[in-house]
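Asker: Here is my input, please return the structure:
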Amino acid sequence: MNTHNPNDFRYRVRRPEDMQMRYERVPLAVRTLSSNTLFQGEHEIGIEHHGALYRLKITRQGKLILNK
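Answerer: Now for the predicted structure:
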């Protein structure tokens, strides 16, 4: 015996496609410097930022590390 009433079901309201919020990724213009320009043949440089000195180093594997 089937005891359910079809009127008891709730239906999900779907928004039309044009009402959905869409976000697009827009590339930001970022000033880019070559590491060769920054380091000028050295393996470590100092960066002063808000009164603190940071050290940017090139590792033996060619990666960059920033230390405070």
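Asker: Just give me the neighbour total for Ile45.
Answerer: Counted by other Cβ atoms under 10 Å, the residues lying close to Ile45 total 14. Using the backbone N, CA and C atoms, a C-beta is placed for each residue, glycine as well.
Asker: Just to check, it is in contact with Leu53?
Answerer: No - in this structure, Ile45 sits apart from Leu53 without contact. The criterion is Cβ atoms under 8 Å, and the distance is 10.7 Å.
Asker: Just the buried positions in the worst-scoring helix or strand of the chain on mean pLDDT, please.
Answerer: One helix or strand of the chain scores below all others by mean pLDDT, DSSP states H and E: helix 35-39, with a mean of 95. Of the residues in helix 35-39, none has enough neighbours to count as buried (16 or more other Cβ atoms under 10 Å).
Asker: Let me see the residues that make contact with it.
Answerer: Outside helix 35-39, the residues within contact range by Cβ atoms under 8 Å, 6 or more residues apart in numbering are 45, 56, 58, 64.
Asker: Would you list the buried entries among those residues?
Answerer: Burial by neighbour count, judged by 16+ other Cβ under 10 Å, picks out 56, 58 from the contacts of helix 35-39.
Asker: Now tabulate the contacts of helix 35-39 in TSV and tack on pLDDT and distance to Phe39.
Answerer: As requested, those are arranged in TSV below (pLDDT from 0 to 100; distance: Cβ to Cβ, whole Å):
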residue	pLDDT	distance to Phe39
Ile45	97	6
Leu56	97	8
Ile58	97	7
Leu64	97	10
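Asker: tell me the SS of Gly46?
Answerer: Applying DSSP: H, G, I helix; E, B strand; the rest coil to Gly46 yields a three-state assignment of strand.
Asker: Surely it touches Leu53?
Answerer: Yes - because the distance of 5.6 Å satisfies Cβ under 8 Å, Gly46 is recorded as touching Leu53.
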